[in-house]
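In: here's my sequence, what's the structure:
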Amino acid sequence: MRFDASDDSVFQNTLGSFRDYIMLERGCSDNTLKAYASDLGQWYSHCKRMGSDPMLLNPDNIARFLREQSARGMSKSTVQRNAAVLNSFARYLVYDGITEKMPILDPLPARDRILPQIMTEGEIQRLINCCEDGTPLGKRDRTAIELAYGTGMRASELCSLKLKDIDRGGGLIFTRGKGDKERCVPYVGGVRKAVDEYIDDHRPKLDRYREPWLLLTKSGRKMSREFLWRLLRKRGNQAGISPSRLHPHVLRHTFATHLLRKGMDQRTLQELLGHSSILTTEKYTHLDLEVRDLYDKFFPRSGTEEEN
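Out: This is a model prediction of the structure:
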């Protein structure tokens, strides 16, 4: 079946309905919705080049698209995600009566096993030390890093945090995560001290427009995830930490792994991280054990023999 450019609106309307469906049925976050739209946009472009109908998700079309993605240098995890999105879209088309049956996909290669980067306590301290320049921006950056590492909040949650979400008397933060689910996380010790100092003494110097957000840019506006990412890279560079060790969720991963090493149980960690499933939290346990096994195997001084 040849694709007719006049069918553009049909696909776009269906894509809009699919977006509403996954948002309501699954409670997907805005970032997940954007990822779905991006993947389906790539699928649409592929179909347009091939002259095929993007609503016709047969196994041959999908396999050709995934091979093309691999040939473009996309990682296995990205290709896996492309396939998962197309699978969800196909299910929706059946659900909505647009098509009659699901396509049967060939098995995909397993994802590359990539261990999340974990920072050391020393590296965290170096990041924090680089923020101590006495300026409002330095105090803001320290607050962002302290909160990310001290609470395990996602980057999107940090950027969306409002002053009214912080119970300063009780040392609690109320945040909304994926699926708009609310949870409460404590902030104590050095984290609480940094947050309180920033709010009382430094944030007022940035707040030109009476914004409700905790973290503000130099111009007094809400901080974006991309801005937070650049902030982390900048401070990491000043601290002499390789960019390859820094990514948007590195402080969240580090928070979870360090708590497990200190003996926190998985159920409590699940609540703090806002995971809907304990299986998601368990990956940190598996990661910690795997890292320890690799360390014991390869580090020359990790043996159990007593020193002479």
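
In: middle-most residue in the chain, spatially?
Out: residue 249 (5.8 Å; C-alpha atoms, centre = their mean).

In: thought that residue was touching residue 156?
Out: No - here residue 249 lies out of contact with residue 156, judged by C-beta atoms under 8 Å, at a distance of 10.4 Å. Backbone N, C-alpha and C define where each C-beta goes, glycine included.

In: ok, now how distant is the residue nearest to the centre of the chain from residue 51?
Out: Relative to residue 51, residue 249 is positioned 40 Å away (C-beta to C-beta, to the nearest Å).

In: phi and psi next, for residue 182.
Out: phi -90, psi 140 (degrees, to the nearest 10).

In: OK, contacts around the closest residue to it other than its chain neighbours?
Out: Nearest non-adjacent residue to residue 182, counting by C-beta to C-beta, 6 or more residues apart in numbering: residue 176, 5.2 Å away. Neighbouring residues of residue 176 by C-beta atoms under 8 Å, 6 or more residues apart in numbering: 157, 160, 182-183.

In: just send those residues back as JSON lines, with distance to residue 126 too.
Out: Output for the contacts of residue 176, formatted as JSON lines (distance: C-beta to C-beta, whole Å):
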{"residue": "157", "distance to residue 126": "24"}
{"residue": "160", "distance to residue 126": "28"}
{"residue": "182", "distance to residue 126": "34"}
{"residue": "183", "distance to residue 126": "30"}
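
In: neighbour-wise, give me the winner out of those residues.
Out: Using other C-beta atoms under 10 Å as the neighbour test, those are led by residue 157, with 24 neighbours.

In: show me which of the contacts of residue 176 is closest to residue 242.
Out: Set against residue 242, the nearest of the contacts of residue 176 by C-beta to C-beta is residue 157 (26.0 Å).

In: hmm, that closest one is touching residue 177, no?
Out: Yes - contact criterion C-beta under 8 Å: residue 157 and residue 177 qualify, at 5.8 Å.

In: next structured bit after the helix or strand harbouring residue 41?
Out: In this assignment (DSSP states H and E), residue 41 forms part of helix 30-50. Following helix 30-50 in sequence order, the next helix or strand is helix 59-71 (DSSP H and E).

In: and that next one, what does it pack onto?
Out: helix 30-50, helix 76-95 (3 or more C-beta pairs under 8 Å, 6 or more residues apart in numbering; DSSP states H and E).

In: now do the helices in the protein.
Out: Counting by DSSP state H, the chain has helices at residues 8-26, 30-50, 59-71, 76-95, 121-129, 136-151, 155-159, 189-197, 225-238, 250-261, 266-273, 278-298.

In: export the ones you listed to a markdown table and tack on mean pLDDT and distance to residue 211?
Out: Formatted as a markdown table, these follow (pLDDT from 0 to 100; distance: least, C-beta to C-beta, whole Å):
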| stretch | mean pLDDT | distance to residue 211 |
| --- | --- | --- |
| helix 8-26 | 81 | 27 |
| helix 30-50 | 88 | 20 |
| helix 59-71 | 88 | 40 |
| helix 76-95 | 86 | 34 |
| helix 121-129 | 95 | 25 |
| helix 136-151 | 97 | 13 |
| helix 155-159 | 93 | 12 |
| helix 189-197 | 96 | 17 |
| helix 225-238 | 92 | 14 |
| helix 250-261 | 90 | 24 |
| helix 266-273 | 89 | 27 |
| helix 278-298 | 60 | 33 |
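
In: hang on, the earlier thing: packing partners of the helix holding residue 41?
Out: Judged by 3+ C-beta pairs under 8 Å, 6+ apart, helix 30-50 is in contact with helix 8-26, helix 59-71, helix 76-95.

In: can you give me the buried ones in the last one?
Out: Looking back up the chat, that one is helix 76-95. Of the residues in helix 76-95, 79-83, 85-86, 88-90, 92-93 count as buried by neighbour count, 16 or more other C-beta atoms under 10 Å.
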